[in-house]
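Novice: test case, fold it:
(chains A and B)
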Amino acid sequence: MTTPLHRYRIVQWIDYRLPIFSWSNEHLVVYPAPRNLNYWWNFGSLAGIMLVIQIVTGVVLAMHFTPHVDYAFSSTEHIMRDVEWGWLMRYLHANGASMFFVVVYIHIFRGFYYGSYKSPREILWWMGVLILFLMMGASFTGYVLPWGQMSFWAATVITNLVSAIPWIGETLVTWLWGGFSVDNPTLNRFYSLHYLLPFLLVGVVFVHLWALHHRKSNNPLGIDIKSPKDTIPFSPYYTVKDMVGLGVMLFVLGIFVFYLPNFLGESINYIKADPLVTPPHIVPEWYFLPYYAILRAVPDKLGGVIAMVASIAILFVLPWLDTCKVRSARFRPIYKQFFWIFLADCVVLGWVGANPPEGSFILIGRICTVYYFAHFLIILPLLGKFERTKPLPESIHQAVLAKKGGATSEPPAETSAAGNP
Amino acid sequence: MRARLIAMAAALGLTFAGAGLAGVAHAAGDAAELPDHDWKHTGVFGTFDRSELQRGFQVFQEVCASCHSLEFIAFRNLAEIGFSEDQIKAFAAEYEVEDGPDNEGEMFMRAARPSDYFPSPFANPQAARASNGGALPPDLSLIVKARDGGIDYLYGILTGYEEEPPEGVELAEGMSYNHYFPGHQIAMPEPLYEEAVEYGDGTEPTLEQLSHDVSVFLAWTAEPEMEIRKKTGLKVLIFIAIFTALIYIIKRRIWARLH
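Specialist: You can find the predicted model right below:
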């Protein structure tokens, strides 16, 4: 495997000993990707870039932050006021977390729609679910660090969930806190974990990509790559396509960072944590709201915790709950409808999670929770049995050419440039 | 093309759906609808008016500071709102701060310097409560960011006192009635009234003017980076927009090679 760089002796010398040039060429340049990937396939690389942004801004913030109950809040303000561009680092990091979740949620729903979790990509999918868990851990521990009122009370509420575990629950919570309430030891260990988890994430991301590059990307048609004609090299085609998405994402992130930096936050988190004053409404960050709704939908504490964990853990077995052999929703007319209903269900759960558990919110939350699990446990297995799927195209390149305006004629440059099937 | 548009719309949609959910969470509190007051510094191009800020500082210093601390603002920061070095030194010198220990190991009091932070009017929260009928006057540095409704809420509180509570409402001892305060019973007595402060620049010190100025000043103490943030943002967003447009053109050219 040689690259244009290989004409340099120094490159040859290095590559013979450590094949980083060949390796990069293989995985970033000539790597064969299906030729029909649409813009939904941007979100994987966008998630990777968000992880890098979070780590870079986070490392800078860590240089100026003091993880102590007496100084966490004021050192955060020190970053905002006295550190050069500190406000930019902090607002990028705080809003970046939201952007990261937006991108990852779209990435996951892309996977749902096009059946990306199906054979032979089950382990790739598992790594993705693991990444989601790690992200949740990282964002939760990070939210606690500025030690505002919501930081403190979210930490109290969420860590208290562990006490629902029979027999050892209370002991476990004390162990988790490092004391008898959320206090300095809790803040210290959350800081330590918040610095650790992103690097574990990087590790799992590598396994995620390893599995991806071994079995190659799924694609909007959900059919396998059958010949080299079905693929195009990753560079320049998808590097440039991913950069278009990157530009759009950074623009959206910029709007929040520069003009609405606290829109997604809670105002009371600008009040220093006070263990003696409980806020009237304790709500998690928006990306946790659906799980929060599921937690509260179950009238029993332990049951709620189990349901909440199960709502994500169920994704591990999704490849076997969805028994349909056809991957893409394009050829699954009924599944396609249920996909949108499921998406709406998740949004409604988020809305319920943002509201106090009273009145009709309780009922709506319960219905949506039941539906959430029914989607995985009843609808998907049944669809696999009874849904009549549409005929699949012969191959990716034939489908692409047919779409471009008749397989016979050469497509005009304008339409082919759009690059989307 | 259609798929691309849908993709982008959906990405944006999801972002704003998330934002909307957060908004719903905010709206959960049941407070009176806030006054619709015009501010010069809000909006994409808004900047702080230096004379409003300086008058607001005067209101803070002469009225608010007798009960409220401003712990994240140092005297030197006042340079950012247009005060000269000499003025700042003079402001600081009006306060005494504890320093030390000196060579004899004793703590001592000295006049504040520009590098000192605004001293709290009370030694500790307990002392603050004892002097305020049990209520703790909050620190004001971040107050505009720390309340739902932000500056509009603050302005509402300052202008929302009513002499007599509506019929049937019984006020607890030492409490005042405020139209905008959640629950309407507020421990802070009406802080501002017409001519509470005498402005040096001849501006009429009406209740509205005083409330406006001090609200703007506290918006600045909460977000001293606001002007540079918006200015930088404009440059960054223009750059990203042009960059993305160019990349998109390049992308179309590159993909046109495919048959």
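
Novice: hey, where'd the helices end up in chain B?
Specialist: B:2-27, B:50-62, B:85-93, B:125-131, B:150-159, B:207-222, B:226-256 (DSSP state H).

Novice: let me fix that: the stretch 201-350 of chain A
Specialist: Counting by DSSP state H, counting those that start in this stretch, the stretch 201-350 of chain A has helices at residues A:234-259, A:289-297, A:301-313, A:318-321, A:333-354.

Novice: quick one: buried residues of the first one?
Specialist: If I follow you right, that is helix A:234-259. A:234, A:236-238, A:240-258 (16 or more other Cβ atoms under 10 Å in any protein chain shown). (Glycine included, C-beta is placed from N, CA and C.)

Novice: just the third one next, same as before
Specialist: Residues of helix A:301-313 classed as buried by neighbour count (16+ other Cβ under 10 Å): A:304-308, A:311.

Novice: export that helix to PDB, keeping only CA atoms.
Specialist: Taking C-alpha atoms only, helix A:301-313 is exported to PDB below (Å, rounded to 0.1, in the frame of the first residue of the first chain):
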ATOM      1  CA  LYS A 301     -38.400   3.800  42.800                       C
ATOM      2  CA  LEU A 302     -36.400   0.600  42.000                       C
ATOM      3  CA  GLY A 303     -38.800  -0.200  39.100                       C
ATOM      4  CA  GLY A 304     -38.200   3.300  37.700                       C
ATOM      5  CA  VAL A 305     -34.400   2.900  37.900                       C
ATOM      6  CA  ILE A 306     -34.600  -0.500  36.200                       C
ATOM      7  CA  ALA A 307     -36.800   1.000  33.500                       C
ATOM      8  CA  MET A 308     -34.500   3.900  32.900                       C
ATOM      9  CA  VAL A 309     -31.400   1.700  32.600                       C
ATOM     10  CA  ALA A 310     -33.300  -0.800  30.500                       C
ATOM     11  CA  SER A 311     -34.400   1.900  28.100                       C
ATOM     12  CA  ILE A 312     -30.800   2.200  26.900                       C
ATOM     13  CA  ALA A 313     -29.600  -1.300  27.700                       C
END
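
Novice: what is the rounded mean pLDDT of that helix?
Specialist: For helix A:301-313, mean pLDDT rounds to 97.

Novice: just how off-centre is it within its chain?
Specialist: Taking Cα atoms, centre = their mean, to the nearest Å, one finds helix A:301-313 lying 19 Å from the centre of the chain it belongs to.

Novice: ok, and what's touching that helix?
Specialist: Outside helix A:301-313, the residues that touch it by Cβ atoms under 8 Å, 6 or more residues apart in numbering or on different chains are A:129, A:132-133, A:136, A:161, A:164-166, A:290-292, A:294-298, A:369, A:372-373.

Novice: what number of residues lie near A:V104?
Specialist: Look at A:V104: counted by other Cβ atoms under 10 Å in any protein chain shown, it has 21 neighbours.

Novice: wait, I meant A:L264
Specialist: A:L264 has 22 nearby residues by other Cβ under 10 Å.

Novice: re the thing from before, ok, of the contacts of helix A:301-313, which come out buried?
Specialist: Buried among the contacts of helix A:301-313 by 16+ other Cβ under 10 Å: A:129, A:132-133, A:136, A:161, A:164, A:290-292, A:294-298, A:369, A:372.

Novice: which among those residues gets closest to B:R55?
Specialist: The closest of the buried ones among the contacts of helix A:301-313 to B:R55 turns out to be A:Y292 (Cβ to Cβ; 44.6 Å).

Novice: tell me who's in contact with the closest residue to the closest one other than its chain neighbours.
Specialist: Closest residue to A:Y292 apart from its sequence neighbours, by Cβ to Cβ, 6 or more residues apart in numbering or on different chains: A:G353 at 4.0 Å. Contacts for A:G353 were tallied using Cβ under 8 Å, 6+ apart; they are A:283-284, A:288-293, A:296, A:365, B:21.

Novice: got a pLDDT number for A:G353?
Specialist: Reported pLDDT for A:G353: 96.

Novice: tell me which element the nearest residue to A:L5 once chain neighbours are set aside falls in.
Specialist: In space, and not counting its chain neighbours, A:L5 is closest to A:V11: 4.6 Å by Cβ to Cβ, 6+ apart. For A:V11, the host element (DSSP states H and E) is helix A:9-17.

Novice: what helices and strands are in contact with that helix?
Specialist: helix A:20-24 (3 or more Cβ pairs under 8 Å, 6 or more residues apart in numbering or on different chains; DSSP states H and E).

Novice: neighbouring contacts of the helix it packs on?
Specialist: A:1-3, A:5-6, A:11, A:14-15.

Novice: just to revisit the earlier point, the residue nearest to A:L5 and chain B, how far apart?
Specialist: 25 Å (Cβ to the nearest Cβ, to the nearest Å).

Novice: and what of A:I123?
Specialist: With Cβ to the nearest Cβ as the criterion, A:I123 and chain B are 27 Å apart.
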